[in-house]
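Peer 1: Just the structure for this:
(4 chains, ligands or ions: 4)
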Amino acid sequence: MNSLAHRAATKNARAPAAEVLRAEGLSKAYGAITVLSDVTLDIRAGEIHAIIGENGAGKSTLMKLLSGHVTPTAGDLLMEGQPLAFADSVEAENAGIVLVHQEILLADDLTVAENIFLGRELRRGFMVDDRAMNRRAAELLARIGSVARPRHRVGDLPLAQRQLVQIARALLDERKVVIFDEPTAVLANDEVAALLDIIRGLREHGVAVLYISHRLDEIQTLADRVTVLRDGRMIGTWPAAELNQRQMAELMVGRELDMLYPNKRAATSEEPLLSVTDLEVDQGAQKASFAVRPGEVLGLGGMIGSGRTELIEGLMGLRSSQAASVVVNGREISHRSVASMMEAGLVYLTEDRKGKGLLLDEKLAPNLTLQALEAVNPATILDRRAELAALRKAVADYDIRVRSLTLEAGKLSGGNQQKLLLAKLMMTDPSVVIIDEPTRGIDIGNKSQIYDFIDAMVRAGKACIVISSEMQELVGLADRVLVMRAGRIVAELSGGEINEGNVVYAATSGAHGSTGEDLHDHSGRTRRDS
Amino acid sequence: QESDITIAVSIPAATHGWTGGVVYHAEQAEKEIEAAFPNIDIVLSTASSATAQVSSLEDLSATRDLDALVILPFTSEELTGPVEQVKSNGTFITVVDRGLSDTSVQDLYVAGDNIAVGANTAHWLADQLGGEGEIVVLRGIPTVIDDERIQGFSEVIAETDIEILDIQYANWNQDEAFTLMQDYLAKYPNIDAVWANDDDMLLGVIEAVDQAERDDIKFALGGNGMKEVIELVMAEDERTPISTPYPPSMIKSAIYMTVGQFNGQAPMRGSFLLDAPLITPENAEQFYFPDSPF
Amino acid sequence: MTTAAAPVATAEEKRRIRWADLAPFIALGVIVFIGILINSNFASSANLINVITRSAFITIIAVGATFVISSGGLDLSVGSMMAFVTGIMIMTMNGLAPSYGSWAIVMGAGVALVVGGLCGLFNGLIITVGRIEPFIVTLGTMGIFRAFITFMSDGGSLPIDRSLREAYRPVYFGDFLGIPYPVLITLAVVLLGAFLLYRTKYGRRLTSVGSNAEVARFSGVNVSRVRTLAYVIQGLCVGVAAICYVPRLGAATPTTGQLWELQVITAVVIGGTLLRGGRGRIWGSVAGALILEVIANVMVLSDMVSEYLVAAVQGAIIIIAMLAHRFTSSR
Amino acid sequence: MTTAAAPVATAEEKRRIRWADLAPFIALGVIVFIGILINSNFASSANLINVITRSAFITIIAVGATFVISSGGLDLSVGSMMAFVTGIMIMTMNGLAPSYGSWAIVMGAGVALVVGGLCGLFNGLIITVGRIEPFIVTLGTMGIFRAFITFMSDGGSLPIDRSLREAYRPVYFGDFLGIPYPVLITLAVVLLGAFLLYRTKYGRRLTSVGSNAEVARFSGVNVSRVRTLAYVIQGLCVGVAAICYVPRLGAATPTTGQLWELQVITAVVIGGTLLRGGRGRIWGSVAGALILEVIANVMVLSDMVSEYLVAAVQGAIIIIAMLAHRFTSSR
Ligand SMILES: Nc1ncnc2c1ncn2[C@@H]1O[C@H](COP(=O)(O)OP(=O)(O)OP(=O)(O)O)[C@@H](O)[C@H]1O
Ligand SMILES: Nc1ncnc2c1ncn2[C@@H]1O[C@H](COP(=O)(O)OP(=O)(O)OP(=O)(O)O)[C@@H](O)[C@H]1O
Ligand SMILES: [Mg+2]
Ligand SMILES: [Mg+2]
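Peer 2: Ligands and ions are numbered 1, 2, ... in the order given. Next comes the predicted model:
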């Protein structure tokens, strides 16, 4: 959010604009489960309307109703005063309403340009005009700050690039209403800044923008009005200028909030729980050596594409890699695999929860216990009762908002999927945890819960490595930060050196430990004072 | 050793008992002849369908200078043209079992008579049943052989008072014959006789009848002269007292006759019709080849 | 709020799923009912026992196929493998009969299981280590096994030794308290399969691999091992089927087990297992195998269609059954 | 820094894909090379022309199958459909011959296309409207079409009228500037197929449906229509194959086209099309069909293996080719 702050000034109060879309008493139930009841909303041209709420509050569902992906069980939609009902999302798009999904929905086998133009290919005669489409895609991608090439196969792109492709797809045609469902969850700071500029540009063009995010700073700098949802109900709509972040957070959760980040721990000098020497990951990282000690949170920073995920996947034996030595809990690991690492006490939480984290078609219990099958079921036979007990405990411990324990994991809200994934990982009772984007899509109330959780774990003598593209998170959480650039660890920051400026400087151009321009250090702002 | 005479042999692949016998006898002939006549090279090629057989003819004639071709065609219509093509290079043509649509193509024809297989069995059965009764029939894979046997059989039966209760495909497969016979037995409380148009299927039929312990079935007949069935005939089995030969060894005879064209013996041309006489306990010995797989 | 709404939702969810799971059994019921209408002999106990007994082979193999398919694989080689295993088993028994008498049967059965398991292992290793489409690998081994049995039988038939025939026959034709042995063996295989798939850690891992192999890999599941084991289980099932099969006709021929692979896959899919993996229904596969066998039986018992068209009607019935299921269960 | 790394990645990416795409052609080259080593006659132009000409049927059908498979479907009925279309075509020609003479051939060919298209439409509609697994539907229609041709030929054979034979023969045996007509027809079909798949809106959408049907639907692609059309294209290809096929053998029988479905799918998969959909390789399918045909040809030319084992060697070669490809391309 660094670059956002100075732009906040350019935002000014505007005259109320014309209403484009109106929701009257919208409700949605799946069987006996009501996920949204009686929501009334007016969406105006040239306005950015933010929707906030806890995980599972029904934000995504509301957006799907507005964009024709889901049909309401009660209530009406009015477009420019005319009542209408969309049979599917295509009709909604034709009417000028488009949704950028929270989950990435792209055809992996097609190229970036093919995905962007899918369903509205440019043609020359009978043929598709690939040259024109590639050119226009390149322009569009450049405009939103994506470095993906039109001819890249989407399945080969990192998550952030896929998200940008999805956004490019939505922005291809002129729209009346553009809905973004947590577009920035998978983006890094500079990409976020570029995107927010684009969104402001849309507003200038008189487009109505609906915007969902758990990053309240974004909301504050960007939105004109804010609607708060809680447990599927509408709490109210306020002009953004009337709310500060703390007020927003409290409206969302309906209670007073603790401060976000726990206090940092004292430096320790015990033997490392994990130490890695000269790890080489094919097409990923080079000569990476690092260690993490008990009682320490090690941050791993860098731009998207700097190879942090590759480094860790290589460490876990998920990609082909070589290392001079990897020691976990004093044990030299010769054959690295998820199973052997887990046995030694090291686990890894993926950033791609949909593709690599959860079995979306399976129920919650099998998902929760998949990695810890041995621990939950000491005998060969599955112990269903123990599994159910574990699920109940996880639901309580991690505050997973789910109305039925027999739901498929894919039907959980995005943030609750993330919590389930975290719970799944902790089932194995690890001593070192590597978390890639720990709070991706997690609401502000639960964020501090997860931070507390990491803190408690580390204080109990365990260790944690956190990969995060959210600078604040890295700065607020880590005792020590490694910064990666182009597959190499280029800097190590500790103690007072840890601030956003230093991380960004090292990630883009910096040398070891050098101090860059201290841009925006907000790390203290949300720290608990005790 | 230089071999200056090349004889190609094209036969169906060993997909069931009878074609298995054909392949066996052809391989035997190849070994014996190549040992006896060093100047003769026999090239054996099996095909699993008419299309594949045409392909292998094309391959053989395109890549070798064939002096003779011995072929057991899948079907007459489909192979006539391709064989004609081969003949146009001056190759001597021997056709086995099924004649080509254009008989002028074949120099030597060793004919089996599938119609007679069906008809002779039907005559014998009609005699034994006194011209009346209820029977069921199992047929093979829908092909010309199958069609001809059924045709020969049903034409004769049509002139008697015997009623064919049911006729279904069992694909020359023991299992399917067993299953089908079980169902026939469940469906018809009285069956006087069963005819399976091939001995492979007959074995399945007999197993099903034994299991059901039905004694209304007076005769269970097959055809082709399979080893196991001839053993039954020799043992004077009451239910299976006869079979009809349709010896796969005809391919071997044909190969020998063709070789005769080249090794200075009296050249043979024309048609040689293999009859389908009944195999009875008296003459069964003649048709019994314990070493053949069939 | 979580706890308040939960019980209602849970119950509702359960009811809906049960209904879809029942579909193959309902279809079986309907076809049996039609059979009874068409021909009174259909319901005779002799006929029903015949039908159930001879569905044993497909059912047993289908249990293995349920594992392979729910792991996201496919095995086209089962029919040929069955013939090959049968051939090896008969050769072993015939070879051992002179010295061991009836014990040769038991030893032959053991060999059948070992050979079946090894054939499955071979398929599994090529697929997982070689990372080749199961379709291609098992199509290849289908040709290989078929060629082996043709070679072993010289294209003819490979009968079991006369001396063993009588001792072995009851395994197919005998019964215990009126229930034929093959049915009992099938039941044992099905129960064991259901236990393995639904109640063990292995079954859980297998399903997760079929559902999303990448997620399974990231969760520490040894995907290759789980997949390979599924093929081994398939091979063992083929071995058991071979043990029940030999006493029936006493021989292996090059046509033994031909096209069984298609029947097996059809049974499994009719039974509700997803062809793309991630969901296995052992009991559904049993119902599927019975449906196929009953349809064939009813076709012969009814006098309505020309022999030429039997295959058409069978194909049509299967499609119609699936359509009916689709349209009734989607309301 | 991201931008600095990107171009490298792009170039690398491109090279890797090209190389994998070439695999089937390299495999074809290697097998041809082995053929030349084994038998000097292999490389004779007469032999090569024969092989290429007769691969026409499988290639043409494989073009259609590439569409079906890249849309995420499967068609097991092509072999039977081919026999059925051939049968209808011959009956039409024979019926029209007395009144229209040689024109009956042209009319028959038209009928073949129409019937092929309709058969495909039938498959497609049941699969998309009925939402049933393509495997089950086309296995059903495979039985249905096969039964129809058995019925039409009364279990025997259905030959084309003698009066038409001579006029029709050149369609298979004739040539234009030394290139046999079937090869020209195949080339036309392949070019048309490649154009449709790679250069048109339809092809683009087809691939997207195979890759992720849900995304395609959100993007306004009519998934059912695209899928159904793929089956219609498959049917039309079968029609074209039937037109080339009849002059070669001059008759349709109940065994015409048996097991072609497996050959076709093998050719397509060897060619690099993904069986799960989302990627189609028309030229790869052509190479795949040629590989299969060349292997069969080399087997006939070499006299090395027992006749019983030909199928085993063929199966093994295909598996080894795929393994070799996997292990060379993964470096
Ligand atoms: N198909 C479905 N069946 C049952 N319940 C569903 C289904 N889809 C969503 N839900 C439930 O609806 C509720 C609201 O989900 P939604 O995705 O709208 O939340 P959200 O506000 O977007 O949360 P997040 O911030 O975590 O993305 C959740 O409890 C979810 O489990
Ligand atoms: N602009 C790009 N276009 C395509 N591929 C890229 C691009 N940038 C990086 N990549 C690829 O992405 C991979 C690195 O992405 P990865 O997600 O692992 O990085 P990261 O540092 O973990 O970032 P994050 O976890 O924040 O997403 C590399 O394989 C690289 O080849
Ligand atoms: Mg959401
Ligand atoms: Mg990453």
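Peer 1: What distance do you get for the residue in the stretch 151-294 of chain B positioned nearest to chain D to B:Pro38?
Peer 2: At 8.1 Å from chain D, B:Tyr169 is the closest residue in the stretch 151-294 of chain B, using C-beta to the nearest C-beta. Yep, even glycine has a C-beta here, placed from its N, CA and C like the rest. To B:Pro38, B:Tyr169 is 47 Å away according to C-beta to C-beta, to the nearest Å.
Peer 1: quick one: which of the two has more around it?
Peer 2: Higher neighbour count among B:Tyr169 and B:Pro38: B:Tyr169, with 21 against 11, using other C-beta atoms under 10 Å in any protein chain shown.
Peer 1: Name all residues that make contact with the closest residue to the more buried one other than its chain neighbours.
Peer 2: Sequence neighbours aside, B:Arg139 is the residue nearest to B:Tyr169 in space, at 5.5 Å (criterion: C-beta to C-beta, 6 or more residues apart in numbering or on different chains). Contact partners of B:Arg139, counting by C-beta atoms under 8 Å, 6 or more residues apart in numbering or on different chains, are B:Asp146, B:Arg149, B:Ile150, B:Ile167, B:Gln168, B:Tyr169, B:Ala170, B:Asn197, C:Glu307, D:Gly155.
Peer 1: Just the closest of these to ligand 2, please.
Peer 2: Lowest distance from ligand 2 to the contacts of B:Arg139 (C-beta to the nearest ligand atom) belongs to B:Tyr169, with 58.8 Å.
Peer 1: Go ahead and confirm that closest one touches B:Thr143.
Peer 2: No. With contacts counted by C-beta atoms under 8 Å, B:Tyr169 stays clear of B:Thr143, the gap being 10.7 Å.
Peer 1: How about the helix or strand hosting C:Arg225 and chain B, touching?
Peer 2: Assigned by DSSP states H and E, C:Arg225 falls within helix C:223-249. Yes. Using C-beta under 8 Å from any C-beta of the partner chain, helix C:223-249 comes into contact with chain B via C:Arg248, C:Leu249.
Peer 1: Determine whether any part of the following helix or strand past that helix lies close to chain D.
Peer 2: Next in sequence after helix C:223-249, counting helices and strands by DSSP H and E, comes strand C:251-252. No. Using C-beta under 8 Å from any C-beta, strand C:251-252 never reaches chain D; the gap is at least 13.9 Å.
Peer 1: Who are the packing partners of strand C:251-252?
Peer 2: Applying 3 or more C-beta pairs under 8 Å, 6 or more residues apart in numbering or on different chains; DSSP states H and E, one finds that strand C:251-252 makes contact with helix C:78-100, strand C:158-159.
Peer 1: Identify each buried residue in stretch C:171-180, please.
Peer 2: Under the neighbour-count criterion of 16 or more other C-beta atoms under 10 Å in any protein chain shown, stretch C:171-180 has C:Val171, C:Tyr172, C:Phe173, C:Pro180 buried.
Peer 1: Looking at the residues you listed, spot the one nearest D:Asp21.
Peer 2: Closest to D:Asp21 out of the buried residues of stretch C:171-180 is C:Tyr172 (52.4 Å), distances taken as C-beta to C-beta.
Peer 1: Can you confirm whether the one helix or strand that closest one maps to lies near chain B?
Peer 2: Here C:Tyr172, judged by DSSP H and E, is contained in helix C:170-173. Yes. Interface with chain B: helix C:170-173 contributes C:Phe173 (C-beta under 8 Å from any C-beta).
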